[in-house]
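Asker: the sequence isn't on hand, but the structure is:
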């Protein structure tokens, strides 16, 4: 064929070259020995070559790694695994003319392979595997015409000039895995017709698998192309490789369906197709692979039922079908898989019963993973784990979490499974006691049974499991003495026992479990003191012992926990002072000591805990003054609760520095004096204030932005709040002052009247001349008809033109109603069409001047916004106590309307990706290119409009808010249900990260064809995988040209919906990554991996 033809001149050159080589080269042992010693001296000293010495010439053939032929010259050199460190630059290959085997694998040899290697003309075996060689593969290697085995794997070698390679007719083994090969498939391979072993895995080869491979390499027995960038469909001609025993095509970009012809590979023992984008069904022809031992189809888009024919593959010991969209029950034929040891079916939609026949026959089972399936349809009232599973003597892992399994666990489970190390029963409806022998092998490492109805005491053997790493028993009804249930567990990192009925005292032994990062034992009946030994846990990050019956003082040693960021000891019977050592907890974010009987002063050292977000000391007996140092907690945001104590003195004005604090509770104390004025000016984030039942006096500050204000129970406070008397007016203190005030008021009224009359005359004149004046500047005017008008620069029409075009907003021009108002369509005299939104918020006459000024400045800024993916705002008008916003009109309507209509099924993946990118750039512009930045605050499907070419346009800036603008009645928190960021449930502080979250929800909805809804809690938190069933099932699976873009968009959306605002990316980075299609979301702090198990 043409692809194997080389230029005639080149071919003749190689023939001439080979013919000129010496045919009978002789070499003396002295020459060979000198060459070896000379090369050895260029390496770093190594004791492994100590025998290589010219003083030892007489024993030359017994030197390390050397084999001699009958003539006494070297025929084989094997110095593999000797940790030799150096290069091949000084290795004299021409000194070894009779060498047939050279093995230098497993060393530290670096730099390039010298071209002089072509002098080893008798070489049949060459291995440089597992070194640090780099540079290109020299084509001179192909001059070794007797070569049968070539292994250059696990280096840093780059592409060769494959067209310069000669045919290697005797080559049977070629290994180039784990290098830096990219782009084209090495074409010289196709002329090596005797190849039986080919491994090109873990490179960056692209394109489809050449058909020539199937045509010319029919002797292949082993083919490994895992971990490359191959794409396209799998060829039906794969069946021509009839001698294959192992086929590895995992972790590429193959798409389409698995060809039926794969069932013709009757010698196949291993088949790996995992982590591609293969869809459709599992071919029933796979049942013909009767010697198949491993089948890995994990992480694809397979969406059929499992064919019963797979049960005919009775040699299977590994079957991986996890993370697909498989449906239906497990075929009963699976009971024939008597050699199965590892069965992974998790994260599908499998249903039905787990037949006892399975576990009776699966006697070799070591790992069963069936978690995260969805049982639907005709489900029996009780799906139980069969008793027969207890007979699995080789069982190592058993995970069935997040299903709808119920009943009790077989009482003998674990007794005959001494290697059982992982048990996962979480989030089911299991009940009863845990089997006594569950951990009898003492091999248990990960034990999760949380979220069930288990009861009784824990198995006694659990106390002696020294290898425990992670234990989750929370939200059950376990009982028993906690000191008897647990012992010394040196490897334990994570334990949660929340929501059970454990009793007893905490043992000092816990302080010896130095690997612990999490201890959570809330809501039990644990008594006694908090062990001081817990202060030895240098890795501890979370300590929750709340809602127990703990007594005594908090040990000062807890102040040594330098990594601690959550400490909750609330709702116990603790006494004494707060240890001053707590001031050393620099990483502490949440401290809750509420509902105890502690006393003394609040230590000023707490002011050093600069990372605190929440501090709750309520319902204790703390006394004396509130330390002013608490005002240094600049990050305190969620809560400061010192209520229900015996605190006295005044409220420190230094607390006014808590600018991001949202909830502030000092109620039920003995505080006196005035409330510091900066409470209303500096603490702008406050949403709840409760200063009730103290002895405070004076007027309360003006707190318009605060949602909940409680001052009741302060006899000497006055002001506009429930339970308080109005503050006495100062206008009656003297008649002289009163008369002066009246004169001032009359003067002000006269001046205002004059200004109003002048203003009306000017405005009327402007309206008369408005059509004569083009390109007028932005203006804010007052008149009898239009209370306030703000219009774009160089506007081509006026609000009056809109009123005329809509016949004063007649219902016949109404085109929609939403949460913020009614939308009208106006066709103007010049043919232009605009959309006008009449807001539901009225223009209150009680609005302060500052609020009106703030709102009008926002509108001015918004009329200056110019971006191709943002709806243009022409202007604003306040008229007859209504607010109107005029936008450009977009003809196709909202994205939400299109997505959920019949047309939504025709919205292609390309269009969806393009819409997402456009939306990302729109938000990036608002957040990063506008000064001050603009937060939209209501990003949803209904606020994204589409042009005729499906170009997205972000709309509805009547609800946008500028970050630098003070809060006002015009800009209260808004948003659409289902799109609002979770932090807004606790805080009304809107940031750009709120928009990022809403953007992520919109993107998921666009790609899924439905709102993520209840899936959101899984998708937006730490998770193990991205399920392939996320995509809109109305569309066919994405083709190879768009599939990576679709997956990348989903990953970006998941990064945007992280629960913690700080962990979300910025819109600028999102827009850049979506446009550039690099992999930041896969590797940075926003990474979301396909399989990232904890």
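Answerer: Yep, it's here. Just so you know, these numbers come straight off a predicted model, no measurement behind them. Numbers count the residues shown, from 1 in each chain.

Asker: could I get the pLDDT score of residue 757?
Answerer: Confidence at residue 757, expressed as pLDDT, is 50.

Asker: neighbours of the nearest residue to residue 531 once chain neighbours are set aside, just the number please.
Answerer: Distances taken as Cβ to Cβ, 6 or more residues apart in numbering place residue 508 nearest to residue 531, at 4.8 Å, with adjacent residues excluded. Using the backbone N, CA and C atoms, a C-beta is placed for each residue, glycine as well. By the measure other Cβ atoms under 10 Å, the count of residues near residue 508 is 13.

Asker: look up phi and psi at residue 508.
Answerer: phi -70, psi -10 (degrees, to the nearest 10).

Asker: residues in contact with it?
Answerer: For residue 508, the contact set (Cβ atoms under 8 Å, 6 or more residues apart in numbering) comprises 531-533.

Asker: closest one of those residues to residue 82?
Answerer: residue 533 (49.3 Å; Cβ to Cβ).

Asker: is it fair to say that closest one lies in a strand?
Answerer: No - according to DSSP: H, G, I helix; E, B strand; the rest coil, residue 533 belongs to no strand; its state is helix.

Asker: got the domain ranges for the chain?
Answerer: Domain ranges of the chain: 1-191, 208-350, 576-728, 758-888, 897-1083, per automatic domain parsing.

Asker: out of these, which is closest to residue 568?
Answerer: When the domains of the chain are compared (using Cβ to Cβ), the closest one is domain 576-728, at 4.4 Å.

Asker: how long is that closest one end to end?
Answerer: 45 Å (Cα to Cα, to the nearest Å).

Asker: just give me how far that domain sits from the chain centre.
Answerer: Here domain 576-728 is found 37 Å from its chain centre; the criterion is Cα atoms, centre = their mean, to the nearest Å.

Asker: got it, and stretch 270-279?
Answerer: With Cα atoms, centre = their mean, you get 23 Å for stretch 270-279.

Asker: can you pull out the strands in the stretch 801-950 of the chain?
Answerer: Assigned by DSSP state E, counting those that start in this stretch, the strands in the stretch 801-950 of the chain fall at 814-818, 821-827, 833-839, 873-879, 882-888, 934-935, 944-946.

Asker: the fourth one - contacts with which helices or strands?
Answerer: For strand 873-879, the helices and strands in contact under the criterion 3 or more Cβ pairs under 8 Å, 6 or more residues apart in numbering; DSSP states H and E are strand 786-791, helix 799-805, helix 849-863, strand 882-888.

Asker: give me the mean pLDDT for that strand.
Answerer: pLDDT averaged over strand 873-879 gives 81.

Asker: quick one: that strand to strand 833-839, angle?
Answerer: 40 degrees (axes from the mean of the first three to the mean of the last three Cα atoms, to 10 degrees).

Asker: and strand 873-879 with strand 882-888, angle?
Answerer: 160 degrees.

Asker: strand 873-879: partners in the sheet, and parallel or antiparallel?
Answerer: strand 786-791 (antiparallel), strand 882-888 (antiparallel) (DSSP bridges).

Asker: pick out the shakiest of the ones you listed, pLDDT-wise.
Answerer: Across the strands paired with strand 873-879, strand 786-791 gives the lowest mean pLDDT, at a mean of 61.

Asker: how many residues are close by residue 50?
Answerer: Residue 50, neighbours per other Cβ under 10 Å, totals 12.

Asker: residues in contact with it?
Answerer: residue 64.

Asker: try residue 271
Answerer: Taking Cβ under 8 Å, 6+ apart as the test, what residue 271 contacts is 247, 262, 265, 289, 292, 294-296.

Asker: SS state for residue 81?
Answerer: Classified using three-state DSSP, residue 81 is coil.

Asker: do I have it right that residue 108 meets residue 130?
Answerer: No - judged on Cβ atoms under 8 Å, residue 108 makes no contact with residue 130 at a distance of 9.7 Å.

Asker: so for the two, which residue has more residues nearby?
Answerer: Set side by side, residue 108 and residue 130 show more neighbours around residue 130, with 19 against 15, by other Cβ under 10 Å.

Asker: distance check, the more buried one against residue 150.
Answerer: Distance of residue 130 to residue 150, computed by Cβ to Cβ, to the nearest Å: 14 Å.

Asker: same question for residue 107.
Answerer: Residue 107 is 17 Å from residue 150, by Cβ to Cβ.

Asker: just residue 467 next, same as before
Answerer: 44 Å.

Asker: one more: residue 355?
Answerer: For residue 355 relative to residue 150 (Cβ to Cβ), the value is 50 Å.

Asker: tell me which of those two has more neighbours.
Answerer: Each of residue 355 and residue 150 has its neighbours counted (other Cβ under 10 Å); residue 150 has more, 24 against 17.

Asker: shouldn't that one be within a helix?
Answerer: No - under three-state DSSP, residue 150 sits outside any helix and is assigned strand.

Asker: hmm, it is touching residue 172, no?
Answerer: No - using Cβ under 8 Å as the test, residue 150 is too far from residue 172 to be in contact (9.5 Å).

Asker: all strands of the stretch 351-500 of the chain, in order?
Answerer: 367-369, 397-399, 406-407, 422-424, 429-432, 446-448, 453-456, 470-472, 477-481, 494-496.
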